[in-house]
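[1] sequence plus the predicted model coming up.
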Amino acid sequence: MPTTDFLVVGGLAALIGSIVQGSVGLGVGLVATPIVTMLYPHLMPGAILVAATVLPLATLTREVRHADLGGLGWAFGGRLIGTPLGVWVVAAVPTRVLGVLVGGMVLAALGAGLWSGRVPRNRGTLTTAGLVAGATGTASAIGGPPLALLYQHESGPKVRATLAVFFTIGAALSLTTLAAAGQLPGEQVTAGLALTPFVLTGFLMAGPVRRYVDDGRMRQAILIVVGASAVTLIVRSLI
């Protein structure tokens, strides 16, 4: 059973992350992953992956009709390649190296988007984003930024629904692959299930923030969350 301190600390992190994700489309991994990794490394990445599977399902009950299923097809093609790569990373590559590399890549993509005004969304970029998200999402439970950057100019409902479909199927794929590789201990699954009430509560609390973001502020919110995600990965890896 998860300890009381894990439920308090991890639960609060999951709650805050869910409020962010319920508004912007991503955020549980950004907020909860660094905290759980630093304090309870033996529960990663499974605990956050399990908890992160629940929130997208809640989002889809409201906004599934807005999802860009065509673009997701190419992203999932990349994810199928990236997921086993992420399992290999969990077993073989130091987390510090991975965090710095991924954080640097996200910041570079963010900078390119700010410089040009728009990151092109096509078969190549969607597949690449899916591949990177599959590897980093499986290894660290932070996989949303690459795909979020490609949809930064879309409406709030489209961003949230598209990312929700990607996260739901992607997290299930990551968990299945980790389990098949013997990298998903039962205590990680139990810890993730214990966080789900906090995740659902955060989703319910996100309504006012969601309405604020949808009032012409979606792109700014995505850029802030994606930038914070990259910096968090780099800082966490270096310290």
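    The structure has been received and is ready for your questions. Numbering: from 1, shown residues only.

[2] now do the same contact list for Gly202.
    With contact taken as Cβ atoms under 8 Å, 6 or more residues apart in numbering, Gly202 is in contact with 14-19, 21-22, 55. To be clear about C-beta, it is placed using only N, CA and C from the backbone, and glycine gets the same treatment.

[3] please name the nearest non-neighbouring residue to it.
    Excluding the flanking residues, the one nearest Gly202 by Cβ to Cβ, 6 or more residues apart in numbering is Ser18, at 2.6 Å.

[4] sort out for me which of the contacts of Gly202 are in helices.
    Using DSSP state H, the members of these that fall within helices are 14-19, 21-22, 55.

[5] any of those residues buried? List them.
    14-19, 21-22, 55 (16 or more other Cβ atoms under 10 Å).

[6] next, count neighbours for Ala172.
    For Ala172, the neighbour count with other Cβ atoms under 10 Å is 12.

[7] just give the nearest non-adjacent residue to it, would you?
    Thr53 (6.3 Å).

[8] report the helix or strand with the lowest average pLDDT across this structure.
    Here the helix or strand of the chain ranked lowest by mean pLDDT, DSSP states H and E is helix 95-116, holding a mean of 69.

[9] can you give me the mean pLDDT across the next helix or strand along the chain from that one?
    The helix or strand immediately downstream of helix 95-116 is helix 123-140, counting by DSSP states H and E. Throughout helix 123-140, pLDDT has a mean value of 83.

[10] quick one: distance of helix 123-140 to the chain centre.
    11 Å (Cα atoms, centre = their mean, to the nearest Å).

[11] how close does the closest residue to Asp214 other than its chain neighbours get to Ser23?
    The shortest distance from Asp214 to any non-neighbouring residue, by Cβ to Cβ, 6+ apart, is to Gly156 (3.9 Å). Distance, Gly156 to Ser23, by Cβ to Cβ, to the nearest Å: 8 Å.

[12] ok, now Gly73?
    From Gly73 to Ser23 the distance is 26 Å (Cβ to Cβ).

[13] what about those two, which has more around it?
    Neighbour count, other Cβ under 10 Å: between Gly73 and Ser23, Ser23 has more, with 27 against 13.

[14] could I get the pLDDT score of the more buried one?
    92.

[15] dump the buried ones among the ones in helices among the contacts of Gly202 to TSV, plus distance to Phe6.
    Formatted as TSV, these follow (distance: Cβ to Cβ, whole Å):
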residue	distance to Phe6
Ala14	11
Leu15	14
Ile16	16
Gly17	15
Ser18	17
Ile19	20
Gln21	20
Gly22	22
Leu55	19
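
[16] run a quick neighbour tally on Ala108.
    For Ala108, using other Cβ under 10 Å, the count is 11.

[17] check Thr4 too.
    8.

[18] what separates it from Val50, distance-wise?
    Using Cβ to Cβ, Thr4 is found at 19 Å from Val50.

[19] just to revisit the earlier point, and of the buried ones among the ones in helices among the contacts of Gly202, the nearest to Arg236?
    In terms of Cβ to Cβ, no member of these lies closer to Arg236 than Gly17, at 14.7 Å.

[20] hmm, that closest one is touching Ile35, no?
    No. Contact status for Gly17 versus Ile35: not in contact, 9.2 Å apart, counting by Cβ atoms under 8 Å.

[21] model confidence for the residue nearest to Gly202, exactly?
    93.

[22] could you check which helix or strand contains the nearest residue to Leu107 once chain neighbours are set aside?
    Residue nearest to Leu107 in three dimensions, not counting chain neighbours: Ala230, with 4.6 Å by Cβ to Cβ, 6+ apart. In the assignment (DSSP H and E), Ala230 maps to helix 218-238.

[23] can you list contacts of that helix?
    20, 23-27, 29-30, 34, 37-38, 95-100, 102-104, 106-107, 110, 113-114, 140, 142, 144-145, 148-149, 151-156, 159, 213.
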